[in-house]
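Q: Return atomic coordinates for the entry below.
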Amino acid sequence: MIIYSVTIHIQKDVETEWLQFMQEKHIQEVINTGYFTDAAIRRVLVPLETSYSTYNMEYVTDHIEKYDAYLKNAATNMQKDVMNRFAGKFTADRKVYEEIERL
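A: Predicted coordinates:
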């Protein structure tokens with residue numbers, strides 16, 4: 001299993017709007033590209049930051065080739081949509097993991 005992990009540090013003044021956008025639109029649109037089979041969103045509780053909030057989105061696929069195809073064919077458009085709405089209000093850190101074993 002391949003996990004595409006996106007960690008977002010979002011300014012608190014747009015957090016509610018951003019979270020609603022992610023839950024109601026963006027995450028489903030990423031799933032609808034057909035490259036991922038599942039997604040989850042999490043809020044970081046510890047360490048608690050006062051100037052911004054941190055969230056993590058996890059997208060799951062079964063092969064690294066599907067992730068590569070997402071990058072090539074869809075990622076730019078998906079990221080543009082978020083940038084157009086929340087430019088300057090967040091930072092993003094992206095990583096890709098291979099799950100070795102679920103215990």
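
Q: Could you tell me which residues within stretch 38-46 count as buried?
A: Ala39 (16 or more other CB atoms under 10 Å). Just so you know, the C-beta spots here come from the backbone N, C-alpha and C atoms, and that holds for glycine as well.

Q: Summarise which helices and strands the lowest-mean-pLDDT helix or strand in the chain is packed against.
A: For the chain, using mean pLDDT, DSSP states H and E, the weakest element among its helices and strands is helix 75-86, scoring a mean of 93. Contacts defined by 3 or more CB pairs under 8 Å, 6 or more residues apart in numbering; DSSP states H and E place helix 75-86 against helix 15-21, helix 27-32.

Q: Mind checking these for the one nearest to Val44?
A: Of all the helices and strands packed on helix 75-86, helix 15-21 sits nearest to Val44, with 12.3 Å by CB to CB.

Q: helices or strands up against that closest one?
A: Checking 3+ CB pairs under 8 Å, 6+ apart, helix 15-21 ends up next to helix 75-86.

Q: What's the mean pLDDT across the following helix or strand past the helix it packs on?
A: Per DSSP states H and E, the first helix or strand lying C-terminal to helix 75-86 is strand 90-98. Strand 90-98 shows an average pLDDT of 97 in the prediction.

Q: ok, and what's touching strand 90-98?
A: By CB atoms under 8 Å, 6 or more residues apart in numbering, the list of residues contacting strand 90-98 from outside reads 1-11, 14, 18, 64, 67, 82.

Q: In that strand, which residues are buried?
A: Buried residues in strand 90-98 (16+ other CB under 10 Å): Phe90.

Q: And it, how far out from the chain middle?
A: On the basis of CA atoms, centre = their mean, to the nearest Å, strand 90-98 sits 8 Å off its chain's mean C-alpha point.

Q: quick one: strands adjacent to it?
A: Take DSSP bridges as the rule and strand 90-98 pairs in its sheet with strand 2-11 (antiparallel).

Q: still on that earlier bit, now tabulate the helices and strands packed on helix 75-86 in CSV and tack on mean pLDDT and mean neighbour count.
A: Formatted as CSV, these follow (pLDDT from 0 to 100; neighbours: other CB atoms under 10 Å):
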stretch, mean pLDDT, mean neighbour count
helix 15-21, 97, 15
helix 27-32, 96, 14
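
Q: Much appreciated, bye for now.
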